[in-house]
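A.B. asks: Can you look at this prediction? I've put the sequence above it.
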Amino acid sequence: MGSARPLDFGHWAAHKLEQISEYRLRHGEAVAIGIALDCLYARDCGHLEAAACDRILRLLERLGFSLWSQDLLHETEDGQLVVLEGLEEFREHLGGQLTITLLHAIGEGFEVHAMNTPKVLAAIHELRARHEVDGDQKIIPANG
């Protein structure tokens, strides 16, 4: 039908982060980062209220997840972030149109078929800044 099944929430970045980290990041750790990234993205696009976004991020942190990995900044030879390749790889793998689940509210998902790269980059940088301010010691550094 030309439409790929939607990715589970937080998974487009998670699967790519697992690969970039050579599977040093466990699936749940990568998904927590992916959820945080997608929440910030949805908030910045006006889909998710800031309070709901913050509530989700604080919950993930209270559960013991780091919401940052240096692997998010891993670049290709031409300076592009490797994690962004996850979007096209999933579209190709699943076939059809890219379909990503985001949130309107906690428990209320919806699907998008494109991601705004500058907003994704802003969300990545916000996760980094949040980590630097909080001094999260659970960070999993790139390359071991």
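C.D. replies: Received, thanks.
A.B. asks: those strands in the chain, which residues are they?
C.D. replies: 100-105, 108-112 (DSSP state E).
A.B. asks: counting contacts, what elements does the longest one pack onto?
C.D. replies: Packing contacts for strand 100-105, counted by 3 or more C-beta pairs under 8 Å, 6 or more residues apart in numbering; DSSP states H and E, involve helix 27-44, strand 108-112. C-betas here are computed from N, CA, C, even on glycine.
A.B. asks: and it, how far from the chain's centre?
C.D. replies: Relative to the centre of its chain, strand 100-105 is centred 12 Å away, using C-alpha atoms, centre = their mean, to the nearest Å.
A.B. asks: Buried by neighbour count: which residues of that strand qualify?
C.D. replies: Within strand 100-105, the residues scored as buried using 16 or more other C-beta atoms under 10 Å are 100-103.
A.B. asks: likewise the shortest one?
C.D. replies: Along strand 108-112, the positions that meet the burial threshold by neighbour count (16+ other C-beta under 10 Å) are V112.
A.B. asks: helices and strands of the chain: which one bottoms out on pLDDT?
C.D. replies: helix 85-94 (a mean of 80; mean pLDDT, DSSP states H and E).
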